[in-house]
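what would the 3D arrangement of this be:
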Amino acid sequence: MAQQAVQKNTLLLRSQKHHSFGFVTFLEKEDAAAAMDNMDGAELYGRVLTVNYALPERIKGGEQGWAAQPIWADADTWFERQQQEEEMQRIQAENQAAMRAAEELHRKKLAEERQGEKEDETEMKDDPMARAEAEFSNQG
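Numbering: from 1, shown residues only. So this is what the prediction gives:
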């Protein structure tokens, strides 16, 4: 993170003939912007200066054919990201399995309740006393 901040706050100073150049690094981005505004187009020892933000060195590779650093520079973080992704996939698979088990248990309970209601209805049809009690409880 600090390296990125330094790269964003580094200015490239060069003369028009490109015979000389220099890099100046600022801690604050505002200071770099102010220096660029003040020095761009200024004359130093008879030469006009061009001042702009320095770009990181490009190395072949990366998504668009060029990268700011070699491919092996982030190998450790790549492996960490891979492990984190695998862990997330494992957790998601466990959560999905738990959800399926909970849904199945819920379906079984609903089926048992329906089965119990059907058995109660059949008992009431067969038992005249149970029918009379049900009618009496419905009236009250």
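
below-threshold pLDDT in this protein: ranges please.
1-19, 57-71, 120-125, 140 (pLDDT under 70).

so which residues of it form helices?
2-8, 29-39, 75-126, 128-139 (DSSP state H).

can I get these in CSV with mean neighbour count and distance to Val51?
In this view, the C-beta of every residue, glycine as well, is placed from N, C-alpha and C. Formatted as CSV, these follow (neighbours: other Cβ atoms under 10 Å; distance: least, Cβ to Cβ, whole Å):
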stretch, mean neighbour count, distance to Val51
helix 2-8, 11, 15
helix 29-39, 14, 5
helix 75-126, 10, 33
helix 128-139, 10, 92
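
of these, which is nearest Phe23?
helix 2-8 (10.2 Å; Cβ to Cβ).

make a markdown table out of the helices of the chain and add distance to Phe21.
Listed next are the helices of the chain as a markdown table, based on distance: least, Cβ to Cβ, whole Å:
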| stretch | distance to Phe21 |
| --- | --- |
| helix 2-8 | 16 |
| helix 29-39 | 13 |
| helix 75-126 | 32 |
| helix 128-139 | 97 |
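
nearest to Pro56, out of the ones you listed?
Nearest of these (Cβ to Cβ): helix 2-8, 5.5 Å.

picking up where we left off before, tell me which of the helices of the chain sits nearest to Asn52.
So among the helices of the chain, helix 29-39 is nearest, using Cβ to Cβ, at 6.7 Å.

ok now that closest one, how far from the chain's centre?
From the chain centre to the centre of helix 29-39 is a distance of 34 Å (Cα atoms, centre = their mean, to the nearest Å).

number of residues surrounding Val51?
Number of residues near Val51 (other Cβ atoms under 10 Å) recorded here: 19.

so it sits against Ala32, correct?
No - counting by Cβ atoms under 8 Å, Val51 does not reach Ala32; the two are 9.6 Å apart.

still on that earlier bit, among the helices of the chain, single out whichever gets nearest to Gly22.
helix 29-39 (11.0 Å).

packing partners of that closest one?
On a contact count with 3 or more Cβ pairs under 8 Å, 6 or more residues apart in numbering; DSSP states H and E, helix 29-39 meets helix 2-8, strand 10-15, strand 47-53.
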